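Visitor: Need the 3D shape of this:
(chains A and B, ligands or ions: 1)
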Amino acid sequence: MSNQGPKTLFDKIWSEHLVGQREDGTNLLYIDRHLVHEVTSPQAFEGLKLSNRPVHRPEATIAVADHNVPTINRQNIEDPQSKIQVETLAKNTKEHGIQYFDLMDQRQGIVHIIGPEQGITQPGMTIVCGDSHTSTHGAFGALAFGIGTSEVEHVLATQTIVQNPAKNMRISVNGELPFGVNSKDLILYIIGKIGTAGGTGHVIEYAGSSIMGLSMEGRMTICNMSIEAGARAGLISPDQTTFNYIKGRPYAPGTEHWDQAVEYWSSLPSDNDANYDHEIVIDSSEIDPMVTWGTSPEDVVSVKGTVPNPSSAKTENKKKSIERSLEYMGLKPGTKITDIKLDKIFIGSCTNGRIEDLRKVASIVKDKKIASHVQAMIVPGSGLVKKQAEEEGIDKILKDAGFEWREAGCSMCLGMNPDQLKPGERCASTSNRNFEGRQGRGGRTHLMSPELAAASAITGNISDIRDFT
Amino acid sequence: MDKFHSLKGIAAPLPIVNIDTDMIIPKQFLKTIKRTGLGVSLFYEMRYDNDGNLIKDFVLNTSPFDKSKILVAGDNFGCGSSREHAPWSLKDFGIRSVISTSFADIFYNNCFQNGILPIVVSPENLDQLMTAAKNQIEFTIDLPEQIIKAGNHSINFEIEEFRKERLLQGLDDIGITLGYQDKINAYEEDKKNKKPWLFKDN
Ligand code: SF4
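Guide: Sure thing, here's the model as predicted:
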C-alpha cells in the first residue's frame, strides 16, 4: 500500500497503526482498545500466566460479562459452569488491573453495546474483541474486528496484532429508504445479495445517502452484520452524526482534546477518488422489509415473498442446502412468509438491543396485546439502555402489551444462558444468526427488524409492518 | 504450539456448505475455561441425538472415519463466531487438517494458532477429494511440498509463507512479537504526543 495517492478510510487507519514489519514479513498493527468478555478470554489469561507474561497496557482493555449472564434473578447464576466463567473474568481483570463492569454495575451490557455507549469506541481507532460482532464498532469509522482467543492473549501481552491488510470493498446504498424499510432490512438485503462468503478477506465500507442518513444506532446494526457477509470488518466514514453521538460520553475525549480529536476524525473519510477492489451499488427503492427463511443469514427474502423451492436452485449443492434448511426449519416450499406462525419473539442482541430499537417497538405495540399463542421477550442491550427505557415509560408499554422485560445481556441471541428455544419452536428474532441450534437445540429462527418482530408479536404470524395499523 | 509437517490417513467427507462454528461446537460447550476436552462434543448436534446417544450414521461416528485426522468439507467452512473452541474441538478429536473451497477469515486464522492446517482447493478438486474420502482412500498431506495426494490425485495448494513457517516450526507468536517491544513502546510514545486523547487512560 503506497503512502501517496487517494486513500480509503481503511487505508488511513491501517497506516496510522502500523508499528512495523516482523522478520517473517507480517505486519504488526497497534490496537487502541481491547474489549474482553467471559467466554473467549479465560484461556488467554491462562496462557499469560503459564508463560509468566504481564498485560502490556491494562488501561486499553475493558471487560464485561454478557454471554452467560441470566436476564432474570442475576444475583445468583445457577449454572455452575457459567458462574465459574463469570467469576474467572472478575478474578483475571482484578489481577491485571483491567477495568471490569460487574453484573450489578448499570454500565454492564453486551460488549458491543457498551463500547459505543460509554464513548470507548471512537473514529480512527483500532478495536478488537474475542467476538465476531466486533464489526459493530465500525459504524464510528473505527477499524474493529473479531479475533480468536490466541489473539486475545497476543493483544493482552503486546497491544498489537499480527495482520495483513484486507481488501477494500465499497457498498453504496443510495436514495431515501422506502416506508417500513430500515437498517436491518438493508443489511439483510445486502447479505442476501453478496452471500455469507461475499465479503471474505475484505473490509466493507458502507457509503451512499441511505447509509449516511442513518442514525448511529442504524449504522451499528449495519456494521454489526458485516461478519454475516463474511467480511473482516465494516466501516462507515465518521461525520457530524458520529461526533454528536460521542460528545460528552464518559470515555470520550474531554474538552481539553475535543477539538484536536474532531480535527483528526474529520480527516478520516475516504478520499473521493480512492480505489476499491470491489464496488457494489444498490438503489434503496428496490429493498423491502426482509425476513430469513433458512439457517444461514443469506437465506433471506422479502416479507412479501415465499419460501423458496429447492428445485429452482442453480446448483446441486445449493439444492441440497435448501432442502436441508427447509427440513430443519419445518417449512414447505411456496409457503407465504406472512403465513408462518410463530411461538416466540425475541427483541434484543448487539444488532438491535439499543434504545432506538426499543422505542420503535414500543410505538408499534402501544395499547395492543401480543397474540395469545406467542411468548415475547425484550432484552435491553445494557443496563443503561434499560434505565433510559424505564425513564421514558417504554417498559410499561411493553409489559402492558404482554412482553417480558429483562435485564441486559446476550440472552436468546445464542442461548448460552437460560433463555433458549425448545426443539421445534419458531422465533421471530432481531438478532444476527439463524444457524441450526443457535437459539437452542432444534430452535427455528427467523431474523428480521425490530419493527417486523413487534408487528409479528401482535399478530402471531410473521407480519409486514406496512400492512400493520 | 504443535508443529505440523505432514499427515497421512483417512479423510472424513462432510459435504455440507456453510458449516458454521455453532455446528462445529455448540454454545453450551463454550463455558469451559480450558482449551482441552472438547473433542467429544465436536459436531455435537449432528453426532448425538436428544438423549445424548451417538447417531450411528453420522460420518465421524462410523469406522474408520471416527479416527480421521483430515476433514473434507463444503464451501465456507467455519463461518460464524470467533470462538477458538472450534479448532480446539477439532484438534482434540484428532483432526489436524481441513480441506474446503473457502474458509471464514477468523476460523482460518484460529487454525494456525493451534497447529491445524486449513487447505483451500478449487471446487473441482474438492469434488475429487470428497469422492476419494468417501471411498476411504488414504490421503497424504505434505506441507513442505504443499501437496495433497489421494489415490491418483495430486493437488498443489497455496499457503502464505509465514504461516507455513510457523506451522513447520511450531513457533510461539507472542514470543516473536515481544522481540519488537522497543518498536511498540516507541510507537506509543509518538502517539501519546500526536493523539493524546487515546491515552487518556481510564
Ligand atoms: S448479542 Fe449475540 S451476537 Fe451479540 S455479542 Fe451477544 S451473543 Fe454475540
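Visitor: Low-confidence stretches in chain B?
Guide: Chain B contains residues with pLDDT under 70 at B:201-202.
Visitor: residue of it with the smallest distance to the ligand?
Guide: B:S81 (6.9 Å; CB to the nearest ligand atom). For the C-beta atoms, the positions are set from N, CA and C on the backbone; glycine is no exception.
Visitor: Number of residues surrounding that residue?
Guide: 31 (other CB atoms under 10 Å in any protein chain shown).
Visitor: pretty sure it is in contact with B:D22, am I right?
Guide: Yes - with contact defined as CB atoms under 8 Å, B:S81 reaches B:D22; the gap is 7.0 Å.
Visitor: right, is the helix ranked longest in chain A up against the ligand?
Guide: Ranked by residue count, the top helix of chain A under DSSP state H comes out as helix A:80-96. No - Helix A:80-96 does not reach the ligand (CB under 6 Å from any ligand atom); its nearest approach is 13.4 Å.
Visitor: what's that helix packed up against?
Guide: With contacts defined as 3 or more CB pairs under 8 Å, 6 or more residues apart in numbering or on different chains; DSSP states H and E, helix A:80-96 has these neighbours: helix A:42-50, strand A:99-101.
Visitor: any chance of those in TSV, plus mean pLDDT, mean neighbour count and distance to B:P196?
Guide: Output for those, formatted as TSV (pLDDT from 0 to 100; neighbours: other CB atoms under 10 Å in any protein chain shown; distance: least, CB to CB, whole Å):
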stretch	mean pLDDT	mean neighbour count	distance to B:P196
helix A:42-50	95	18	29
strand A:99-101	97	20	19
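Visitor: can you list these in TSV and add distance to chain B?
Guide: Converted to TSV, those look like this (distance: least, CB to the nearest CB, whole Å):
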stretch	distance to chain B
helix A:42-50	4
strand A:99-101	6
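Visitor: quick one: which of these is nearest B:D75?
Guide: Closest of the helices and strands packed on helix A:80-96 to B:D75 is helix A:42-50, at 29.2 Å (criterion: CB to CB).
Visitor: contacts for that closest one?
Guide: A:54-55, A:85, A:88-89, A:92, A:95-96, A:130, A:149-150, A:152-153, A:156-157, B:33-35, B:84 (CB atoms under 8 Å, 6 or more residues apart in numbering or on different chains).
Visitor: mean confidence score for the helix or strand following that helix?
Guide: Once the chain leaves helix A:42-50, the next helix or strand it forms, by DSSP states H and E, is strand A:61-64. Across strand A:61-64, pLDDT averages out at 97.
Visitor: Stretch A:274-293 now?
Guide: 97.
Visitor: Between the two ends of it, how far is it?
Guide: One end of stretch A:274-293 sits 37 Å from the other (CA to CA, to the nearest Å).
Visitor: Is it in proximity to chain B?
Guide: No - under the criterion of CB under 8 Å from any CB of the partner chain, chain B is not reached by stretch A:274-293; the shortest gap measures 13.1 Å.
Visitor: what's the distance between that stretch and the middle of its chain?
Guide: 18 Å (CA atoms, centre = their mean, to the nearest Å).
Visitor: buried ones in it?
Guide: Neighbour counts over stretch A:274-293 (16 or more other CB atoms under 10 Å in any protein chain shown) mark A:A274, A:Y276, A:I282, A:S284, A:I287, A:D288, A:P289, A:M290, A:V291, A:T292, A:W293 as buried.
Visitor: Could you pull up phi and psi at B:G94?
Guide: Phi and psi for B:G94, reported as degrees, to the nearest 10, are phi 120, psi 0.
Visitor: these two touch, right, it and B:S68?
Guide: Yes - B:G94 lies in contact with B:S68 (CB under 8 Å); the separation is 7.1 Å.
Visitor: does A:D66 really touch A:C413, like I thought?
Guide: No - contact criterion CB under 8 Å: A:D66 and A:C413 do not qualify, at 9.7 Å.
Visitor: And the residue nearest the centre of the chain?
Guide: All of this refers to chain A. A:N224 (3.3 Å; CA atoms, centre = their mean).
Visitor: looking at this, that one is in a helix?
Guide: Yes - under DSSP: H, G, I helix; E, B strand; the rest coil, A:N224 sits within a helix.
Visitor: How about the contacts made by the closest residue to it other than its chain neighbours?
Guide: Closest residue to A:N224 apart from its sequence neighbours, by CB to CB, 6 or more residues apart in numbering or on different chains: A:T136 at 4.2 Å. Contacts of A:T136 were listed using CB under 8 Å, 6+ apart, and they are A:H112, A:G115, A:P116, A:A144, A:M220, A:C223, A:N224, A:C350.
Visitor: does the closest residue to A:P297 other than its chain neighbours count as helix, strand or coil?
Guide: If the residues on either side of it in the chain are set aside, A:P297 comes closest to A:E228, at 4.1 Å by CB to CB, 6+ apart. Put simply, A:E228 is helix when judged by three-state DSSP.
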